[in-house]
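# sequence-free structure coming up:
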């Protein structure tokens, strides 16, 4: 039976955050960031299962967190790979054991905790209609291309530029086939930064679902402050019925 599956990768080291621990385990308002993210998928009525790729040393810690915060849809936690794409592949292989190839997988960053249910709905429907999708936002500032970082070499038209976000979503069999095609000659995924890039590399079309700019990835201390402010805003809005 076809299912809707979330693949959450949380294998980052958090070097840019400078917190001394992987950023997905930093607590914000009493919950680790990874739990904020998992909560959204746990509580979504159309998500059937969740698979997480995690730094191996933190797997048992994450299992304890799942019990503490009553996250029940996680079916497996697998060790992360040497790259982010390798981590995703490990989680996809775990999902393959229990699911049909036509199941829909939504691949999402563990440190992107501001996704909302409406975007998940839209992404699932887009996969049904178009087969492969990437959440993107229009670029609001002027893009600059500079290979050496010293001088401006090109300014592409902003109207043609988007920023890739997550989730990126596919049929399970199709995205696994794409990974295995790439891995045959490029096991470390050199030059492949995400699944949209991977699919494009093998000649597959990926449709765009326009997401909200608030769907931020918590990577730097500045992002952490923004996330905290967004939580405070939501709590105030909900308290006053705004």
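All right, it came through fine. Bear in mind the structure is a predicted one, so any value in this text is a computation, not a measurement.

# buried stuff in the helix or strand of the chain with the lowest mean pLDDT?
Within the chain, no helix or strand scores below helix 221-240, which has a mean of 82 by mean pLDDT, DSSP states H and E. Of the residues in helix 221-240, 223-224, 227, 231 count as buried by neighbour count, 16 or more other C-beta atoms under 10 Å. C-beta: built from backbone N, CA, C; applies to glycine.

# so how far is the lengthiest strand in the chain from its chain's centroid?
What stands out as the longest strand in the chain, according to DSSP state E, is strand 162-171. Mean C-alpha position of strand 162-171 versus that of the full chain (C-alpha atoms, centre = their mean, to the nearest Å) differs by 8 Å.

# which is the next helix or strand following it?
helix 172-185 (DSSP states H and E).

# any idea of the mean pLDDT for the next helix or strand after that following helix?
Heading C-terminal from helix 172-185, the first helix or strand you meet, by DSSP H and E, is helix 195-201. Helix 195-201 shows a mean pLDDT of 95 in the predicted model.

# C-terminal to helix 195-201, what's the next element?
Defined by DSSP H and E, the subsequent element after helix 195-201 is strand 207-210.

# Before we move on, what's the pLDDT of the most centrally placed residue in the chain?
Most central in the chain under C-alpha atoms, centre = their mean is residue 108, positioned 1.8 Å from the mean C-alpha point. With respect to pLDDT, residue 108 scores 98.

# For it, give me its contacts.
6-9, 37, 41, 115, 166-167 (C-beta atoms under 8 Å, 6 or more residues apart in numbering).

# For the protein, list the residue farthest from the centre, please.
residue 151 (32.5 Å).

# what's the closest of the buried residues of helix 221-240 to residue 25?
Residue 25 lies nearest to residue 224 out of the buried residues of helix 221-240, by C-beta to C-beta, at 12.6 Å.
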